[in-house]
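Q: I would like the atomic coordinates for the input below:
(chains A and B)
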Number of protein chains: 2
Amino acid sequence: MITLHHLEKSRSFRVLWLLEELKETYGLEYQLISYNRNAQNLAPSELLQIHSMGKAPILVDDSLPQGEQVLAESALIIEYLLKFYDNRQQFSPSSAFNAWRDYQFWLHFAEGSLMPPVVMKLILLKAVEKSPFFAKPIVRQVKAGAEKLLLDGNVQKGLQLLEKQLQGKDWLVDEKLTGADIQLYFAAAGAIKIGQLSLADFPNTARWLNNCEQRTAFAKAVELGGKPL
Amino acid sequence: MITLHHLEKSRSFRVLWLLEELKETYGLEYQLISYNRNAQNLAPSELLQIHSMGKAPILVDDSLPQGEQVLAESALIIEYLLKFYDNRQQFSPSSAFNAWRDYQFWLHFAEGSLMPPVVMKLILLKAVEKSPFFAKPIVRQVKAGAEKLLLDGNVQKGLQLLEKQLQGKDWLVDEKLTGADIQLYFAAAGAIKIGQLSLADFPNTARWLNNCEQRTAFAKAVELGGKPL
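A: This next block holds a predicted model:
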């Protein structure tokens, strides 16, 4: 049996969504264990008992050998599920070079390029909120400085690249939903929300986000695990 | 011909090192174009002309079709070079499940889990340095708060996981240097340096970092592109 340790409003939404796609397509069964964030808005310490990074997603597959059943890191879990449970390659890229390259690029791009500035913006926003009143103007200035110098430009460039990729396309790769869409959805939707950007400026991305959200499995994942953001 | 657009003290050291390994093993030729950081310590705007993310590494391979020759994202570039130029799988994982899983995990872990808190620490350090004297105490407090709540714990947990993986081992996967070591070296060495951590607390990691640094190709990469950190 597969067990997903899921944290509300986190990257583990990706795995929950993919598990629902695999359930719908192949009848794959899994168990969901959901956790709430703690008072500091972080992953609760229970997750540390499952995997020493203490973050979600964590997938446990008891069909693996004892001592090797616990998997962490969203992209590895997506790759694992596709390799072993996507028997008809419904969510995997075709073997064409362009499909392989684009799939790998967007899979790595999500955490390598898009998530870091988004998460940093969020941390700086929290820092402003938590500062005492006399410190707020200075912390706000640090936030604005980092955003102007580095963060907002990287988010914009990342979303513009995505917008270009999605020109005339419903999905990132091979005209079907793949693991790359699932990995990137959370990052792109997070970038739009935390960046307070208008979807009107990214019409292709808006269409693609909507394609994702219209999936039956996506809706089921929201029903079971809450909205991702 | 392959061309690497390299930025000093950046992730592109990974690709330069791998290209040197491939040159040593297979005689693969490539061209190196090096860039310096600008006055803000960021990638110079020339890189924007090559790839719209404007960051290094960027690999251009003119054996690819016109309009598709430009590759970005360290891990994708490593995967690409291994797929097409590592003909005897010297730097690729074996086909055993454990090797595949560990290789994929550490490849994604480098940017997904270890780099973000390291880069955030660096940004906050720069923010303290650049603040006017009256703001420094407050910015220092924001830095300390984020480090205590989130960043240092994640760096520590990541390095402890790596330390455990390297127990009794010279390399991450398959007892040989693979793309996963190359992807992770930069992140782990950066975590130690920017976290001002003592290698004495991570003896296995210290041995592994040294294994990397002792490679002829690593030394050649330093000679051509400067120290990575």
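
Q: In terms of helices and strands, where is the one residue sitting closest to the centre of chain A?
A: Nearest to the geometric centre of chain A sits A:Phe186, at 3.4 Å (Cα atoms, centre = their mean). Here A:Phe186, judged by DSSP states H and E, is contained in helix A:179-194.

Q: do you know how far the residue of chain A positioned farthest from its centre is from chain B?
A: In chain A, counting by Cα atoms, centre = their mean, A:Phe134 sits farthest out from the average C-alpha position, at 36.0 Å. A:Phe134 sits 8 Å away from chain B, taking Cβ to the nearest Cβ, to the nearest Å as the criterion. (C-beta placed from N, C-alpha, C; glycine too.)

Q: before we move on, what about A:Ile138?
A: For A:Ile138, the distance to chain B equals 5 Å [Cβ to the nearest Cβ].

Q: contacting residues for that residue?
A: Contacts for A:Ile138 (Cβ atoms under 8 Å, 6 or more residues apart in numbering or on different chains) come out as B:131, B:135, B:138-139.

Q: which residues in chain A form strands?
A: Taking DSSP state E to define them, one finds strands in chain A at A:2-7, A:30-35, A:58-61, A:70-72.

Q: among these, which is nearest chain B?
A: Minimum separation from chain B across those (Cβ to the nearest Cβ) falls at strand A:70-72, 7.6 Å.

Q: got the buried residues for the closest one?
A: Buried residues in strand A:70-72, counted by 16 or more other Cβ atoms under 10 Å in any protein chain shown: A:71-72.

Q: can I see the domain layout of chain A?
A: For chain A, the structural domains run A:2-92+A:218-225, A:97-215, going by the TED database.

Q: For A:Pro228, find the nearest of the strands of chain A.
A: Closest approach to A:Pro228 among those (Cβ to Cβ): strand A:2-7, 10.7 Å.

Q: So what touches that closest one?
A: Residues contacting strand A:2-7 (Cβ under 8 Å, 6+ apart): A:12-13, A:15-16, A:19, A:28-37, A:43-44, A:47, A:50-51, A:55-62, A:225.

Q: can you check stretch A:47-62 too?
A: Residues contacting stretch A:47-62 (Cβ under 8 Å, 6+ apart): A:1-7, A:10-12, A:14-16, A:35, A:43, A:45, A:69-72, A:74, A:77, A:80-81, B:113, B:154, B:157-158, B:160-161, B:164.

Q: Would you list the buried entries among these?
A: Counted by 16+ other Cβ under 10 Å, the contacts of stretch A:47-62 give A:2-7, A:10-12, A:14-16, A:35, A:43, A:71-72, A:74, A:77, A:80-81, B:113, B:154, B:157-158, B:161 as buried.

Q: related to what we said a few turns ago, can you select the buried ones from the contacts of strand A:2-7 in PyMOL?
A: Those of the contacts of strand A:2-7 that count as buried under 16+ other Cβ under 10 Å are selected in PyMOL with:
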select buried, chain A and resi 12+13+15+16+19+28+30+32+35+43+47+50+51+55+56+57+58+59+60+61+225
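
Q: what residues are up against the residue nearest to A:Val222 when sequence neighbours are not counted?
A: Spatial nearest neighbour of A:Val222, excluding adjacent residues (Cβ to Cβ, 6 or more residues apart in numbering or on different chains): A:Pro228 at 7.4 Å. Neighbouring residues of A:Pro228 by Cβ under 8 Å, 6+ apart: A:9-10, A:13, A:185-186, A:189, A:221-222.
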